[in-house]
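# Make a model of this:
(2 chains)
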Number of protein chains: 2
Amino acid sequence: MLQPLEISDPGFEADFTLVLRAKREAAADVDQAVAAIIADVETRGDRAVIDWTARFDHQHLNVATLRIAPAEIARARSLCGAKALEALELAARRITDFHQRQRPADLSYADEHGVTLGYRWTALAAVGLYVPGGSAAYPSSVLMNALPAKVAGVPRIVMAVPTPEGRTNPLVLAAAELAGISEIYRIGGAQAIAALACGTATIAPVDKIVGPGNAYVAAAKRRVFGRVGIDMIAGPSEVLIVADRTNDPDWIAVDLLAQAEHDEAAQSILITDDRAFADTVAAKVTQHLATLPRREIARKSWERQGCIIVVETLDQAVPLIDRVAPEHLQLAIGNAAAFAARVRNAGAIFLGSLTPEALGDYVAGPNHVLPTSRSARFSSGLGVLDFLKRTTVVGCSPAGLSALGPAAIALAEAEGLDAHARSVAVRLNRART
Amino acid sequence: MLQPLEISDPGFEADFTLVLRAKREAAADVDQAVAAIIADVETRGDRAVIDWTARFDHQHLNVATLRIAPAEIARARSLCGAKALEALELAARRITDFHQRQRPADLSYADEHGVTLGYRWTALAAVGLYVPGGSAAYPSSVLMNALPAKVAGVPRIVMAVPTPEGRTNPLVLAAAELAGISEIYRIGGAQAIAALACGTATIAPVDKIVGPGNAYVAAAKRRVFGRVGIDMIAGPSEVLIVADRTNDPDWIAVDLLAQAEHDEAAQSILITDDRAFADTVAAKVTQHLATLPRREIARKSWERQGCIIVVETLDQAVPLIDRVAPEHLQLAIGNAAAFAARVRNAGAIFLGSLTPEALGDYVAGPNHVLPTSRSARFSSGLGVLDFLKRTTVVGCSPAGLSALGPAAIALAEAEGLDAHARSVAVRLNRART
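Coordinates of the predicted model:
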């Protein structure tokens, strides 16, 4: 059973630092392999994509079968259970509603000299959505990645999903259809990322690639970054739960396991102000592990990455949370909203004992693509802004040029950029005559 | 003299594709060297930073002199000309004013089941600003990088600026002081990026690093991305000017050179609907080159990267602009605002003949840190949002849990994540009793 760390222990700071620094991901060094795959796709296009798919996914495609036919997408729905489809539709409605509230406003105003200033937001023209195949193929992730792009107004959303040995996941295709995606390719790995970034004869290039993937996908996204935009490089998932002893320890134990079952590298942390509660939760985790289908994964995650911290007062949890900067922060305490306001770093916050993180994974509305591995210190979950870009606009009046021109010239001269100065001076001279 | 490309020419598409694909940057492969420097700073901290600074900057520092003393920052002002200082102050006021209008609002609402939903924005806790030394040390860039962070409310802004052979740029320090930066280290290159990202005994780590730099800095930023946030990897600067024949060709020629004088890899493109105007501008460029102090750089940029395109109607310019996705778009045409509305991809737009891009570099107000190398297709200039992050918040009511719980369970089961389903089910069972 997991032994809690106590903040009052003199060794706590050293132990906590170890928790923060633990390298949770096996850094598979696939970068050279990925570079070769990208170069090959750049050179040989579709042919390269088809060859790498045969090699990695044991699936033999040709240019006619790279893309999943509309009929196959339409058929997918009939292979899904009614309950799951209904749930997916509820999720899609709620995700759309939440994200519609994120649309930013344009800005336009004139300053005191009549200079017009502002910016406008425009949608990206084309976005690629990567969806992993196999056991990590999550229809909920299709909605979470595609719907913000849809809400942003992206006219072309393309999906790449590997179908090893020809196996497709009907609920993934149904989710794509629900999100309005009709351009889907049955390819994966670095070859799919390369095809989306560079384009081939069959697949037109996109402007940005989003979505999770394995080490090859992550390395490929890192490599094509700059040529196209990418979302974050997703790390293993994590939850930090703050719970007082008024909670049912059983609920908290299951919440910790809901994170742990994702991945052996996932991390579940509990902070509580009650040592007895901590021990009861730890015991309940052990009990639930016995009956959990994904117990092998969850046990490894809990034993290797799991952590219970006992604080003297819940106030002490705030700086610890900010240092962890958890992807998910569950506040199973009284007055959770007031406590949440004191936290700087967290991807998403779940308030109160009735808000398990799993609600947010599926149907609450906010995005479940969130910053991992302490990156909530500097980044946000996926949203509509990730599919928009801002163009600033300036229009100078004659009075504005007279007012601002001399300062621009002074700074250009100070920086030794004479053509800059001259481009203002030639106009200023005219305006003065 | 530069020969224009004519859109009516059968070879135009091939020529234009070459312009788009031209590799403008010498890809100095410094990645292995940079990896070694970062690893050294991680291991040896200050000592490594001091050693690499001695080697690259020929400057011998110790832990006491790594940081520029407050007295030295204060003294810098007295070494600057009054005109440049005044211009800097005007620029700072206008940049601050424009960026204050970018502060996003928080969101909070309850849905029909009483589920509270929303998000809030918080500032990053610490940001590092890299400022290049030597000839590319631009005080205007200090303001453009620091003031958005200041407006966002970042409590700690740290600057790193190399001072090779001990040479500092007083106007850079004055700009830092004006922006409220008091923590400045006289270090540069990959060792500075590593120190900011990993921290040393003297330099506390930051959460995000922004600012331009040479190949070492760019490679180091790419390597520490994930551990800290970074802004874009800046490429060479570019302008695309659309001008009709009513313009003074002299003005447009100087505008093209204002971009070209930045860097041999900078790119200036003119699109016009008048062949005679195109030729006159090309001749004027040649004339101005003769008297321009930075003519060596500007000539190489213009001859290698410069381009004049003659279209039949200005309408034809729109799709060309979107393919170039220029960092700067100058519209020296009638009804420029209406034309601008038809463009999807541009970092910043300058409306009308009286708005040379140089105004935007210094005093207009919008940021001059803008997406280069076609990345305006998917990214925006620097702004207040780059120094904020969004945390979503959900608080579920009993009615909300009853309404949403079953769908969450259905999706968790469909994805094979039983602990997820269980974490909702245990609560739903209680709510029902």
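
# Please name the residues that touch residue A:330.
Contacts for residue A:330 (CB atoms under 8 Å, 6 or more residues apart in numbering or on different chains) come out as A:239-243, A:255, A:349-350, A:355-357. Where you see a C-beta, it was placed from the backbone N, CA and C, and this is true even at glycine.

# Out of the residues you listed, list just those in helices.
A:255, A:357 (DSSP state H).

# The contacts of residue A:330 also near chain B: which ones?
A:255, A:349-350, A:355-357 (CB under 8 Å from any CB of the partner chain).

# Now render these as a markdown table, adding distance to residue B:422, pLDDT and neighbour count.
Output for the ones next to chain B among the contacts of residue A:330, formatted as a markdown table (distance: CB to CB, whole Å; pLDDT from 0 to 100; neighbours: other CB atoms under 10 Å in any protein chain shown):
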| residue | distance to residue B:422 | pLDDT | neighbour count |
| --- | --- | --- | --- |
| A:255 | 9 | 98 | 34 |
| A:349 | 22 | 98 | 29 |
| A:350 | 16 | 98 | 30 |
| A:355 | 15 | 98 | 27 |
| A:356 | 9 | 97 | 29 |
| A:357 | 13 | 97 | 26 |
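
# May I ask which two of those residues are separated the most?
Using CB to CB, the ones next to chain B among the contacts of residue A:330 span at most 14.0 Å, a distance reached by A:255 and A:349.

# Touching, residue A:210 and residue A:130? I think so.
Yes: the pair residue A:210 / residue A:130 is scored as a contact, 7.1 Å apart, by CB atoms under 8 Å.

# List the neighbouring strands of the helix or strand harbouring residue A:331 plus their orientation.
Using DSSP states H and E, residue A:331 falls within strand A:328-332. Counting by DSSP bridges, the strands paired with strand A:328-332 are strand A:238-243 (parallel), strand A:348-351 (parallel).

# low pLDDT regions in chain A?
Residue ranges of chain A with pLDDT under 70: A:23-28, A:135-136, A:431-433.

# Quick one: residues in contact with the helix or strand hosting residue A:75.
Assigned by DSSP H and E, residue A:75 belongs to helix A:70-78. The contact list for helix A:70-78 (CB under 8 Å, 6+ apart) reads A:85, A:168, A:170-174, A:176-177, A:182, A:184.

# Could you rerun that using 7 Å?
Contact with helix A:70-78 is made by A:85, A:170, A:173-174, A:176-177, A:182, A:184, as judged by CB atoms under 7 Å, 6 or more residues apart in numbering or on different chains.

# Distance of the residue nearest the centre of chain A relative to chain B?
Per CA atoms, centre = their mean, the C-alpha nearest to the average position across chain A is that of residue A:369, at 3.5 Å. Applying CB to the nearest CB, to the nearest Å, the value for residue A:369 to chain B is 11 Å.

# For residue A:327, see how far away that residue is.
10 Å (CB to CB, to the nearest Å).

# Those residues of the stretch 101-250 of chain A touching chain B, which are they?
A:101, A:104, A:107, A:115, A:117, A:122, A:124-125, A:138-140, A:171, A:207-208, A:226, A:228-229, A:233, A:250 (CB under 7 Å from any CB of the partner chain).

# Narrow those to those that are buried.
Neighbour-count burial (16 or more other CB atoms under 10 Å in any protein chain shown) is assigned, among those, to A:104, A:107, A:115, A:117, A:122, A:124-125, A:138-140, A:171, A:207-208, A:226, A:228-229, A:233, A:250.

# In helices, which of these fall?
Using DSSP H, these in helices are A:139-140, A:171, A:250.

# Most widely separated two among the residues you listed?
Farthest pair in those (CB to CB) is A:171 and A:250. Separation: 29.7 Å.

# Show me what counts as buried in the longest helix belonging to chain A.
In chain A, with assignment by DSSP H, the single longest helix is helix A:82-100. For helix A:82-100, burial by neighbour count (16+ other CB under 10 Å) applies to A:84-85, A:87-88, A:90-92, A:94-96, A:98-99.

# and what of stretch A:104-114?
A:104, A:107, A:111.

# Reformat those residues as a markdown table; add distance to residue B:217.
Below are the buried residues of stretch A:104-114 laid out as a markdown table (distance: CB to CB, whole Å):
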| residue | distance to residue B:217 |
| --- | --- |
| A:104 | 31 |
| A:107 | 32 |
| A:111 | 35 |
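
# can you pull the contacts of the closest residue in space to residue A:83 that isn't next to it in sequence?
With sequence-adjacent residues excluded and distances taken as CB to CB, 6 or more residues apart in numbering or on different chains, residue A:83 is closest to residue B:410, at 4.7 Å. Shown in contact with residue B:410 (CB under 7 Å, 6+ apart): A:83-84, A:87.

# what does residue A:205 give?
A:196-199.

# all strands of the stretch 101-250 of chain A, in order?
Taking DSSP state E, counting those that start in this stretch, the strands of the stretch 101-250 of chain A run over residues A:107-110, A:116-123, A:126-130, A:156-160, A:183-185, A:208-210, A:229-230, A:238-243.

# if we can go back for a sec, ok, the contacts of helix A:70-78 vs chain B, which is closest?
Nearest to chain B among the contacts of helix A:70-78, counting by CB to the nearest CB, is residue A:85 at 9.1 Å.

# Can you give me the neighbour number for the closest residue to the closest one other than its chain neighbours?
Nearest residue to residue A:85 in three dimensions, chain neighbours excluded: residue A:174, at 6.3 Å (CB to CB, 6+ apart). Using other CB atoms under 10 Å in any protein chain shown, residue A:174 is surrounded by 24 other residues.

# Distance of residue A:174 relative to residue A:37?
Residue A:174 is 30 Å from residue A:37, by CB to CB.

# Likewise for residue A:121?
Distance from residue A:121 to residue A:37, counting by CB to CB: 35 Å.

# Looking at these two now, which is surrounded by more residues?
Set residue A:121 next to residue A:37 and count neighbours by other CB under 10 Å: residue A:37 wins out with 27 against 19.

# which SS state does the more buried one fall under?
Three-state assignment for residue A:37 (DSSP: H, G, I helix; E, B strand; the rest coil): helix.

# what's near enough to touch the nearest residue to it once chain neighbours are set aside?
Nearest non-adjacent residue to residue A:37, counting by CB to CB, 6+ apart: residue A:190, 4.2 Å away. Contact analysis of residue A:190 by CB under 7 Å, 6+ apart lists A:34, A:37-38, A:216-217, A:219-220.

# mind putting the residues you listed in JSON lines, distance to residue A:338 included?
Output for the contacts of residue A:190, formatted as JSON lines (distance: CB to CB, whole Å):
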{"residue": "A:34", "distance to residue A:338": "47"}
{"residue": "A:37", "distance to residue A:338": "51"}
{"residue": "A:38", "distance to residue A:338": "49"}
{"residue": "A:216", "distance to residue A:338": "45"}
{"residue": "A:217", "distance to residue A:338": "40"}
{"residue": "A:219", "distance to residue A:338": "43"}
{"residue": "A:220", "distance to residue A:338": "44"}
